[in-house]
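Engineer: sequence isn't available, so here's the structure alone:
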């Protein structure tokens, strides 16, 4: 190899190592932030979440926001193992499969999909009527979901989705 080729190779290597270290430094500056409101919103439901294809039920321990995404620490009821997952796409609330709650869930999805808060409040009245017809544990779940839905109408961000609708928004029911 000639001396010029060696100099060019060394120069390219130095440039690559400098740029890759710059990207590494930039990536390490990204720190997830604890999202207390979303954590509380999801943790209230207890062991009410499932991951498709798994038999265990999970509870949310902590949710952290990372740039334009999120990550959740969940714990299995059966094995007590913890794992980090994407709360938006990875798990869903097991109460979604209850036949008695189907009408409530569909009505809540219509409220969430309303861009106007006045229309959303009108549809909220329909949701409350449906919830009054429920009884027992289903009514408790519905009332908790309505409380979270009211918060969602006031502050329409993804973190304020009712825990009952986790894994179903924006309209996909499992």
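Structural biologist: Cool, the structure landed. Because the structure is a prediction, the values reported are computed rather than measured.

Engineer: so who does residue 128 touch?
Structural biologist: Counting by Cβ atoms under 8 Å, 6 or more residues apart in numbering, residue 128 touches residue 146. (Glycine included, C-beta is placed from N, CA and C.)

Engineer: contacting residues around residue 57?
Structural biologist: For residue 57, the residues meeting the contact criterion (Cβ under 8 Å, 6+ apart) are 47-50, 76-78, 94.

Engineer: drop anything exposed from the residues you listed.
Structural biologist: Burial by neighbour count, judged by 16 or more other Cβ atoms under 10 Å, picks out 47-50, 76, 94 from these.

Engineer: so what's residue 146 scoring on pLDDT?
Structural biologist: Among the per-residue scores, residue 146 shows a pLDDT of 91.

Engineer: buried sites along the strand ranked longest in the chain?
Structural biologist: With residue count as the measure and DSSP state E as the assignment, the chain has strand 57-66 as its longest strand. Residues 57-60, 62-64 are the ones in strand 57-66 that count as buried (16+ other Cβ under 10 Å).

Engineer: and that strand, what's its mean pLDDT?
Structural biologist: When the per-residue pLDDT values of strand 57-66 are averaged, the result is 88.

Engineer: paired strands for that strand, with orientation please.
Structural biologist: strand 33-34 (antiparallel), strand 49-50 (antiparallel), strand 69-76 (antiparallel) (DSSP bridges).

Engineer: which strands and helices sit next to whichever helix or strand comes after the longest one?
Structural biologist: Sequence-wise, the next helix or strand downstream of strand 69-76 (DSSP states H and E) is strand 82-85. In terms of contacts (3 or more Cβ pairs under 8 Å, 6 or more residues apart in numbering; DSSP states H and E), strand 82-85 is packed against strand 69-76.

Engineer: now the strand it packs on: how far from the chain's centre is it?
Structural biologist: A distance of 8 Å separates the C-alpha centroid of strand 69-76 from that of its chain, computed with Cα atoms, centre = their mean, to the nearest Å.
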